[in-house]
Structure formats: C-alpha cells, structure tokens
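Colleague: Okay, sequence plus prediction incoming.
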Amino acid sequence: MKFVVDCMLGKLAKWLKILGFDVLFLSKAEDDELLALARKDGRTLLSRDHALLGRAKGLKSLFIESETWEDQVKQVLDRFSLQAEVRPYSRCVECNRPLKPLPKSKAANLVTTFVYERADTFAICPSCGRVFWQGTHFNDMEAKLAELLKKSV
Ligand SMILES: [Zn+2]
C-alpha cells in the first residue's frame with residue numbers, strides 16, 4: 001500500500017517506511033502538491049488537517065486521530081489491515097527505495113565492528129548506499145517494532 005503523508009506527520013512517515021511501506025513525505029509541501037502526489041500514484045493521503053482532507057474528494061485518505069506517533073502507526077495498520085504486509089527493514093527510510101540484500105561478507109567494511117558482530121542480516125539502499133541491519137536484542141528499534149505490531153493485532 002502506498003501513502004503520501006502530511007508534513008506534520010514526519011514520525012509516522014518514517015515508521016511506515018521502517019515497516020516497509022511506500023511512503024512519500026516532504027518536510028515542506030503545499031496542499032495542492034500533496035493532493036497531486038496522491039492522485040498521481042493512487043496514494044492514500046494521511047493527515048490531521050481537516051481542510052486538506054476536505055479537498056481530497058475522490059482520493060483515498062485517512063484522518064489521523066492521535067497526536068502520538070505510536071498510536072498513529074497503529075491506526076493506519078488497523079484501518080487498512082496491514083499487519084500481514086509489514087516487511088521491516090525492506091525500504092530505505094531516507095530515499096523510500098526498496099533495499100537490496102547485502103551478504104554479510106560485503107557488509108564488513110560498511111558497518112562498525114559492534115554491528116557486524118551482532119547483526120544477522122544486512123541490506124543496502126541502491127540509491128544512497130546506506131546499510132541497514134537486523135539483529136536481536138541490541139537495537140531499541142527492534143523492541144519498538146515488536147511492541148507496535150503486538151498491540152495493533
Ligand atoms: Zn537510501
């Protein structure tokens with residue numbers, strides 16, 4: 001599922017990307033620009049701005065209820081029943097591009113020794129070259145992720 005996220009909801013946008021969804025987020029954009037992006041790719045517009053959503057007629061959109069990002073993520077997952085589509089760390093949080101698997105041997109020079117010794121799988125962004133990894137029990141993000149998915153089921 002593809003989204004375009006209102007400028008005020010940066011943390012929601014980032015976490016939807018971490019969960020693997022295709023998310024367009026601009027730190028500054030006019031309402032017209034957001035509506036055009038939603039229309040162009042058939043993206044669902046996520047916003048807390050009633051005026052903006054009122055103009056999104058004929059487009060898929062969702063009013064985000066909570067002001068806390070954890071609840072915002074849960075609302076989106078629940079509303080569109082996306083739990084089964086979650087693919088953590090499959091997309092670059094900067095570029096929104098799908099990541100490519102990176103063999104551990106090739107990751108050696110790209111991450112710190114600390115990470116290299118503890119992570120199990122690595123992936124690289126073909127656009128910016130950023131390396132992402134997945135391991136167990138050494139990353140705050142892992143715990144956060146587990147919590148988000150657990151509560152929203
Ligand atoms: Zn990237």
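Modeller: Perfect, thanks for sending it. Residues are numbered from 1 along each chain as shown.
Colleague: Tell me who's in contact with the residue nearest in space to the middle of the chain.
Modeller: With distances taken as CA atoms, centre = their mean, the residue of the chain nearest its centroid is Lys17 (1.5 Å). By CB atoms under 8 Å, 6 or more residues apart in numbering, the residues touching Lys17 are Val23, Arg91, Cys92, Val93, Asn96. Every C-beta, even on glycine, is put in place using the N, C-alpha and C of the backbone.
Colleague: let's see 10 Å
Modeller: 3, 5, 23-25, 89-96 (CB atoms under 10 Å, 6 or more residues apart in numbering).
Colleague: could you dump the residues you listed to JSON lines with distance to the ion, pLDDT and neighbour count?
Modeller: Formatted as JSON lines, the contacts of Lys17 follow (distance: CB to the ion, whole Å; pLDDT from 0 to 100; neighbours: other CB atoms under 10 Å):
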{"residue": "Phe3", "distance to the ion": "18", "pLDDT": "98", "neighbour count": "25"}
{"residue": "Val5", "distance to the ion": "17", "pLDDT": "97", "neighbour count": "28"}
{"residue": "Val23", "distance to the ion": "13", "pLDDT": "97", "neighbour count": "23"}
{"residue": "Leu24", "distance to the ion": "14", "pLDDT": "96", "neighbour count": "19"}
{"residue": "Phe25", "distance to the ion": "13", "pLDDT": "95", "neighbour count": "21"}
{"residue": "Tyr89", "distance to the ion": "12", "pLDDT": "81", "neighbour count": "20"}
{"residue": "Ser90", "distance to the ion": "12", "pLDDT": "91", "neighbour count": "16"}
{"residue": "Arg91", "distance to the ion": "9", "pLDDT": "93", "neighbour count": "23"}
{"residue": "Cys92", "distance to the ion": "3", "pLDDT": "93", "neighbour count": "20"}
{"residue": "Val93", "distance to the ion": "8", "pLDDT": "90", "neighbour count": "17"}
{"residue": "Glu94", "distance to the ion": "4", "pLDDT": "91", "neighbour count": "12"}
{"residue": "Cys95", "distance to the ion": "3", "pLDDT": "93", "neighbour count": "15"}
{"residue": "Asn96", "distance to the ion": "8", "pLDDT": "95", "neighbour count": "18"}
